[in-house]
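Novice: Please work out how this folds:
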Amino acid sequence: MAGRKWSEETKETARVKRYGRKDTLLKEYMEIASKYDDANVFRKVNYKIHTYLRQKGVLDVVFPNRKKYKPKGYWTPETIREDAKKYSKRTEFLENNQVAFLTALKHKGLIDELFPKKEPLTYSLEETKKICEEYKSRMDLASKNNRLYLYAKSNDWLPEIFPDMRFSKKSKYSVESVTELAKNYKFISDFVKEHPGPYDFAHRNNLLPILFPERKHKWTEEKIIEELKKYSSKREVSKLNPSLYNTAHRKGIMDQIFPNTKKSKWTHELILNELSKYNSRQELYRNNPSLYQIARIGKYLDEHLPSKKKIKWTDKKIISELKKYKNRKEIFHNNKNLYQISMKSGLIDVIHPKNVNDSFYKDFTYRP
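Specialist: Here you go, the predicted model:
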């Protein structure tokens, strides 16, 4: 019996049965990709569809203005000189055409020829002062003429050109007033809490060794315990007085004043009693993540909180589930698993096209 020739339609149906709907999705994938202006941006958002279109050889059809790289051996000294005319700095040339810049480095003297180095500054102090009269402050000089700022800074001329304004004003505190305030305190920590301004004045004028001569002495156990009793918890000590916290913790006094609460041991009966309070794994994970991890490691979840049957996500199943929701935002908040699978397959762009003006995309961007 002679063999029967297959028509193109029968071949196509057989191919779909064996390999799925990949070939029939080509038009849909091209429509999804046509919504993006840049092929590189589309590749980051949906890598699988980008790879599929590239294998089919239709990327140039969807993105006619796609950036094409120069062939190997194109960048010669002549072509590099022509391209370098577009840029004014070396950094600008490197950012916009890295391949040409790295090729230019291989040719000795080519970069110096295209972008000659500036001669070093040789201003005197008086000349620098005259130039700096145009600028209001150090910040103004650094932002508008950073080269001159670094030159003046390397020669230690900035304090003379722009005196520090923080200490030019007369302080409202005096040595006598700060000394009287410091007499009411035994420790620097108390002095800082109550009077941060006088403390700053004493610190800048090197008065702390005179006001608190015992501040460099080692902490005794009596002093540590006396200071710790002023606080209500370890956390409060660590925030308000970290030096005291570190010293007490190192000497083992912290646990004496603030003993640790005993952690309950997770026995078999206790785990079962706690698991009975929850109806699902998701509820358990949200309300008691530590118990969730213990139950997962001990293999209690499959017996007491069994998971739902795994869904086989076919294209028909994904499309039917997507049609149950109004927009992408509703899918993301109610069914994250479906959201991720539909993003990877690209079907979410067919059922719910992307709306750039939606606030959901301004606050959140998904990267598969």
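Novice: can we go C-alpha only for contacts and neighbour counts from here?
Specialist: OK.
Novice: where do the strands sit along the stretch 101-250 of the chain?
Specialist: Counting by DSSP state E, counting those that start in this stretch, the stretch 101-250 of the chain yields no residue ranges for strands.
Novice: mind showing which ranges of it have poor pLDDT?
Specialist: 164-170, 214-218 (pLDDT under 70).
Novice: the helices in it, which residues?
Specialist: Along the stretch 101-250 of the chain, counting by DSSP state H, counting those that start in this stretch, helices occupy 110-114, 125-132, 138-144, 146-154, 158-161, 175-182, 188-194, 196-204, 208-211, 221-228, 234-240, 242-251.
Novice: so can I have JSON lines of the ones you listed showing distance to residue 87 and mean neighbour count?
Specialist: Converted to JSON lines, those look like this (distance: least, CA to CA, whole Å; neighbours: other CA atoms under 10 Å):
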{"stretch": "helix 110-114", "distance to residue 87": "10", "mean neighbour count": "15"}
{"stretch": "helix 125-132", "distance to residue 87": "28", "mean neighbour count": "14"}
{"stretch": "helix 138-144", "distance to residue 87": "20", "mean neighbour count": "14"}
{"stretch": "helix 146-154", "distance to residue 87": "20", "mean neighbour count": "16"}
{"stretch": "helix 158-161", "distance to residue 87": "33", "mean neighbour count": "14"}
{"stretch": "helix 175-182", "distance to residue 87": "59", "mean neighbour count": "14"}
{"stretch": "helix 188-194", "distance to residue 87": "55", "mean neighbour count": "15"}
{"stretch": "helix 196-204", "distance to residue 87": "49", "mean neighbour count": "16"}
{"stretch": "helix 208-211", "distance to residue 87": "57", "mean neighbour count": "15"}
{"stretch": "helix 221-228", "distance to residue 87": "64", "mean neighbour count": "14"}
{"stretch": "helix 234-240", "distance to residue 87": "52", "mean neighbour count": "14"}
{"stretch": "helix 242-251", "distance to residue 87": "53", "mean neighbour count": "15"}
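Novice: So for residue 346, which of those sits nearest?
Specialist: Comparison of these against residue 346 by CA to CA identifies helix 110-114 as nearest, at 46.0 Å.
Novice: mind listing the strands for the stretch 251-368 of the chain?
Specialist: Under DSSP E, counting those that start in this stretch, the stretch 251-368 of the chain gives no strands.
Novice: Flag the shaky bits of it, pLDDT-wise.
Specialist: Applying pLDDT under 70 to the stretch 251-368 of the chain flags residues 261-264, 308-311, 356-368.
Novice: Quick check: buried residues in stretch 113-122?
Specialist: Neighbour-count burial for stretch 113-122 flags residue 114 (criterion: 16 or more other CA atoms under 10 Å).
Novice: to the chain's geometric centre, what's the distance from it?
Specialist: Stretch 113-122 sits 37 Å away from the centroid of its parent chain (CA atoms, centre = their mean, to the nearest Å).
Novice: quick one: terminal-to-terminal distance for it?
Specialist: 23 Å (CA to CA, to the nearest Å).
Novice: Can you pull out the residues in contact with it?
Specialist: Outside of stretch 113-122, the residues within contact range by CA atoms under 8 Å, 6 or more residues apart in numbering are 81, 84, 88, 89, 90, 148, 151.
Novice: If I look at the residue nearest to residue 63 when sequence neighbours are not counted, what pLDDT would I see?
Specialist: Closest residue to residue 63 apart from its sequence neighbours, by CA to CA, 6 or more residues apart in numbering: residue 39 at 6.5 Å. Looking at residue 39, its pLDDT is 82.
Novice: No further questions, thank you.
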